[in-house]
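Student: just to be clear, the model below is a prediction. Sequence and coordinates:
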There are 2 protein chains.
Amino acid sequence: MSLKYYHAEPLANSLKSMVPLKEKGLAYESVYVDLHKFEQHQAWFVRVNPEGQVPVLDHDGIIITHTTVINEYLEDAFPDAQPADAPLRPRDPVGAARMRYWNKFVDEHVMNFVSMHGWHRMVGVIARSIDSGEFEKLMENIPLPDQRKKWMTARSGFSESDLANATDKIVYALAKIEDQLGQTRWLAGDTYTLADINFYSHCGMMVERMFPELEIAAKYPRLVDWRDRVTARPAVAEALKSEDRTTPGLRTWSGDR
Amino acid sequence: MSLKYYHAEPLANSLKSMVPLKEKGLAYESVYVDLHKFEQHQAWFVRVNPEGQVPVLDHDGIIITHTTVINEYLEDAFPDAQPADAPLRPRDPVGAARMRYWNKFVDEHVMNFVSMHGWHRMVGVIARSIDSGEFEKLMENIPLPDQRKKWMTARSGFSESDLANATDKIVYALAKIEDQLGQTRWLAGDTYTLADINFYSHCGMMVERMFPELEIAAKYPRLVDWRDRVTARPAVAEALKSEDRTTPGLRTWSGDR
C-alpha cells in the first residue's frame, strides 16, 4: 500500500487533508508543490490532477481530489486507523450527518470568503510582481476557467464591495460557530471530527491574525478556546510544521511561524 | 420507525431527496410546504427547520437538512434499502469518492446558477406581485441573511452580468457532463448514484426547457440520453407526479406538466 500527498503550505486545503493523514497515523510520501513557482499548473502536475489544484491524494495510483472528498475517502478506505479519542467521522448516522452539515457550511459559506482576503493580500502581490507578457502566458496554463478568473482578479485587485461581502460572511460564520460551541464541545457534537479540521484549516487557525479589527479574543472566547484545543493536538502541531516557503512579509494569511 | 419529508414542488432540492426515498422504497409521510404562501418562513415551519428552508427530513424526531447531507444520511441509516440495480452510494471507497466529487461539483458549480435563472423568471414575478409594505414584512421572517438578499434581488431583478455568468457556468457544466458520459454510463461510473439524482434535479431535468438557445438535443446528445434514462426510472417518474402548485404560466422552471 502506498499513499502520496501533493500539497503546498500547511493552511487551508493543503492542511485540511494533511491533518487526517497524521491523526490516523498513516504513512505517506509528502510531495511539496511550489505555488510560488506555479508548479500546480505545470505539465507534470496537470498529469497528476487535470484541474491543476492542490492538494491531491494518490492511493496506489488512484487519484482523489478535493479535500472534503479526500477526507471522507480516508474514512472509507482506512476506517480502523483512528485517533485514540474518537473516529474522525462519527459512526452513527446522525453524528455523520451533523459533521457533513458543518463541512458543507465551511465549504460553501466560509472557505471562499477567507480565501478571497488571503488572495487579495498574498496572491495579489505575487500576481502583480510578474511581468505583463509572462503573466498572460502563466494564465494560459491554468486548466479551470474559474481559477484563471480568480488569478486575473487577484492581479487587478478584488473590489471593495466583494471584500466587504466576504467579511460579512466571515462574521456570520464566527457568530454561528460561537453559538454552536456554547452547545457542544466540538462543532459536530461531543467529539473532534473532520468538521473541526475543516473550519480550523480554512478560518479558525488564521482568523485572529488576519482580522485584528474583528476582536476575536474578546468577542468569540469559545472559538479561541476551541482553536487552542485543535492547535494542541499532536497531529495538528506536526502538520503545521511542514514546509512553508511564503515570503515572511506576506504571512498574514499563512501565519507568522 | 417514522419518516416525514417536508418539501415543495418536485424539482431542485425538493426532488433531490424525494427520489432516494422512493428508490429505496422507504415509506414516508409527505408534508407539502407551499412556497407561494411563504410557508417556509412561517413560525410553525421555522420550528421544524430554523433555517426556514425546504426540504427537511424528520426521522423519528431527528431533523436532517440540506439535500446532500440528507441523501448520505439515508445511505447510512438504511444501507440495505436499495434499488435492484445497485446501491445509490457505491460500496467501494473509490466509487463513493467519485460520487462525492460530482455531488460537490453540482452543489457548488451548478445548483446556484440554474437556481438564479429560475428565481429570475419565477420567484421574481412572485416577489414583484407583493405590495411594498407586505414584502418588507415577509422579508423580516426569513432567518438566513443570504436568503433574504436573494429575495430582494429577485424582486429588483438579477443583473445581466450575473445572469450571463450563471449561463457560462451552466454551459461549462454541460460540456463537462457530456464528456464524462462519453467515458462512463452514469456520472460517477457504471451505476446510477446520488450524483445522477443531484445533477438531474438541479439541471438535467429542466435545462432543455429553460434554455432552448443552448440547443441541448443537438449539442449534448449523451446528456439527453442520460436524462431520459433517469426520467424513465419508476421512482423518478413517481416523484415527478407529486404536488405542483406553480402557476402554469410560470412553469419554465418547474416544468410543463
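Tutor: Okay, I see it.

Student: for stretch A:145-154, buried residues please.
Tutor: Under the neighbour-count criterion of 16 or more other C-beta atoms under 10 Å in any protein chain shown, stretch A:145-154 has A:147, A:148, A:150, A:151, A:153, A:154 buried. The way it works is simple: take the backbone N, C-alpha and C, and place the C-beta from them, glycine included.

Student: likewise for stretch A:106-118?
Tutor: A:106, A:107, A:109, A:110, A:111, A:113, A:114, A:115, A:116, A:117, A:118.

Student: check stretch A:57-66 too.
Tutor: A:57, A:58, A:59, A:64, A:65, A:66.

Student: helices of chain A, residue ranges please.
Tutor: A:12-23, A:43-48, A:67-77, A:93-109, A:111-118, A:124-128, A:132-140, A:145-156, A:160-180, A:194-199, A:207-210, A:216-219, A:221-231, A:234-240 (DSSP state H).

Student: before we move on, the earlier item: could you redo the buried residues of stretch A:145-154 as JSON lines and give each row distance to residue B:229?
Tutor: Formatted as JSON lines, these follow (distance: C-beta to C-beta, whole Å):
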{"residue": "A:147", "distance to residue B:229": "33"}
{"residue": "A:148", "distance to residue B:229": "34"}
{"residue": "A:150", "distance to residue B:229": "36"}
{"residue": "A:151", "distance to residue B:229": "39"}
{"residue": "A:153", "distance to residue B:229": "40"}
{"residue": "A:154", "distance to residue B:229": "42"}
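
Student: ok, and which of those residues reach chain B?
Tutor: Among those, none lies close to chain B by the criterion of C-beta under 8 Å from any C-beta of the partner chain.

Student: mind putting those residues into CSV with distance to residue B:167 and pLDDT?
Tutor: Formatted as CSV, the buried residues of stretch A:145-154 follow (distance: C-beta to C-beta, whole Å; pLDDT from 0 to 100):
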residue, distance to residue B:167, pLDDT
A:147, 19, 90
A:148, 18, 91
A:150, 19, 89
A:151, 22, 89
A:153, 20, 90
A:154, 24, 88
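
Student: list the residues that contact residue A:180.
Tutor: residue A:187 (C-beta atoms under 8 Å, 6 or more residues apart in numbering or on different chains).

Student: got the residues of the stretch 101-250 of chain A near chain B?
Tutor: A:101, A:104, A:107, A:108, A:109, A:145, A:146, A:168, A:172.

Student: let's go with 10 Å and repeat that
Tutor: Within the stretch 101-250 of chain A, the positions adjacent to chain B are A:101-105, A:107-109, A:111-112, A:144-146, A:149, A:165, A:168-169, A:172 by C-beta under 10 Å from any C-beta of the partner chain.

Student: nearest to chain B: which residue in the stretch 151-257 of chain A?
Tutor: Going by C-beta to the nearest C-beta, chain B is nearest to residue A:172 of the stretch 151-257 of chain A, at 6.5 Å.

Student: which one is that residue nearest to, not counting chain neighbours?
Tutor: residue B:145 (6.5 Å; C-beta to C-beta, 6 or more residues apart in numbering or on different chains).

Student: now the farthest one out in chain A, which residue is it?
Tutor: residue A:133 (31.0 Å; C-alpha atoms, centre = their mean).
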